[in-house]
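S.K.: With the sequence up front, the predicted model follows.
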Amino acid sequence: MPTTATPSLSCLVVDDDPLSIKIVNHCIANTTFLQAAGSCDSAVKAAEVLRHQAVDLLFLDVEMPLMSGLDLLKTLHNPPLVVLITSSKEYAVEAFEYDVVDYLVKPISYARFLKAAQKALEVAGQRTEAEAPAHAPDADYTFVKVDTKLVKVAFNEVRYVEALGDYVHIVLGQSKLIVYSTMKAVEEKFPASLFVRAHRSFIVNIRAVQSIEDNMIVIENKHIPIGQTYMRDVLQRLNKF
């Protein structure tokens, strides 16, 4: 009889106490649905790691020199799930303002650790359901996350999408949505039958294109450059090649 694999969460441990790191890593190793992804002995190092490595769950000490765990959370645009760990209960109220999964007070027992880990697994499952494609392949809309809300976006209202740093601007005529995302993620959500990548920083709605002038796409007085590597595809899609 086939069995369903239990999803696993990759975990990063951040604590300036080597013994605490050892204890938490031991707990992770004894929890089947957790996978160790490394450890950092300061929030500063963790910030750098999180810039290049995606993890599902952060076991984060609050009290650390130079930058505290809470200070680290303030710097993260799209933080992973967080379980805070500290030797003091005084941070509990402030901690939950950051929407953390749980709050563990040292010394940590495995039973209490497991309860927090199971809660993180449940929250991860809820997030996966919320972020799953909310439309059928032939639907005419999708949902995007704007701040803490899921906003419905009708494809025929989108003029173009522009990448700006870690965000994308989805331009809808006279309004726009600012979404923490990548252009690759947008390409996967938006149907290829309606949208084409015109530039490293632009995706355009084919139906909104008014003209092409000097290697620029014109959409409602907005001039969008066509990247050299995208030119052939753009022209083919517009039936101009």
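M.R.: Nice, I can see it.
S.K.: Check the gap between Arg200 and Arg237 for me.
M.R.: Arg200 is 17 Å from Arg237, where distance means CB to CB, to the nearest Å. C-beta coordinates here come from the backbone N, C-alpha and C atoms, glycine included.
S.K.: which of those two has more neighbours?
M.R.: Arg237 (20 against 11; other CB atoms under 10 Å).
S.K.: Give the bridge partners for the residue nearest to the more buried one when sequence neighbours are not counted, please.
M.R.: Leaving aside its sequence neighbours, Arg237 sits nearest to Val196 (CB to CB, 6 or more residues apart in numbering; 4.7 Å). Partner residues in beta bridges with Val196: Val204, with DSSP bridges as the criterion.
S.K.: Equivalent analysis for Cys40, please.
M.R.: When bridges are taken as DSSP bridges, the partners of Cys40 come out as Val14.
S.K.: and it, what does it touch?
M.R.: The neighbours of Cys40, taking CB atoms under 8 Å, 6 or more residues apart in numbering as the test, are 12-14, 46, 49.
S.K.: Can you say which of these are buried?
M.R.: Burial by neighbour count, 16 or more other CB atoms under 10 Å: within these this picks out 12-14, 46.
S.K.: Just give me how far the lengthiest helix in the chain sits from the chain centre.
M.R.: In the chain, assigned by DSSP state H, the helix with the most residues is helix 110-131. Averaging C-alpha coordinates over helix 110-131 and over its chain gives two centres that are 17 Å apart (CA atoms, centre = their mean, to the nearest Å).
S.K.: List the buried residues for the helix or strand just after that helix?
M.R.: Note on helix 110-131: by DSSP states H and E, the next helix or strand toward the C-terminus is strand 141-146. Burial within strand 141-146, assessed by neighbour count using 16+ other CB under 10 Å, is assigned to 142-144.
S.K.: partners of strand 141-146, with directions?
M.R.: The strands that strand 141-146 pairs with in its sheet are strand 149-154 (antiparallel) (by DSSP bridges).
S.K.: Off-centre distance for the partner strand?
M.R.: 16 Å.
S.K.: can you check stretch 219-229 too?
M.R.: The chain centroid and the centroid of stretch 219-229 are separated by 28 Å under CA atoms, centre = their mean.
S.K.: got the CA positions of it in PDB?
M.R.: Extracted C-alpha coordinates of stretch 219-229, given in PDB (Å, rounded to 0.1, in the frame of the first residue of the first chain):
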ATOM      1  CA  ILE A 219       1.800  50.700 -24.200                       C
ATOM      2  CA  GLU A 220      -0.300  53.800 -23.200                       C
ATOM      3  CA  ASN A 221       2.600  56.200 -23.600                       C
ATOM      4  CA  LYS A 222       5.000  53.900 -21.700                       C
ATOM      5  CA  HIS A 223       8.000  53.000 -23.800                       C
ATOM      6  CA  ILE A 224       9.300  49.600 -22.800                       C
ATOM      7  CA  PRO A 225      12.700  48.500 -24.200                       C
ATOM      8  CA  ILE A 226      13.000  45.200 -26.000                       C
ATOM      9  CA  GLY A 227      16.100  43.200 -24.900                       C
ATOM     10  CA  GLN A 228      18.200  41.900 -27.700                       C
ATOM     11  CA  THR A 229      17.800  38.300 -26.500                       C
END
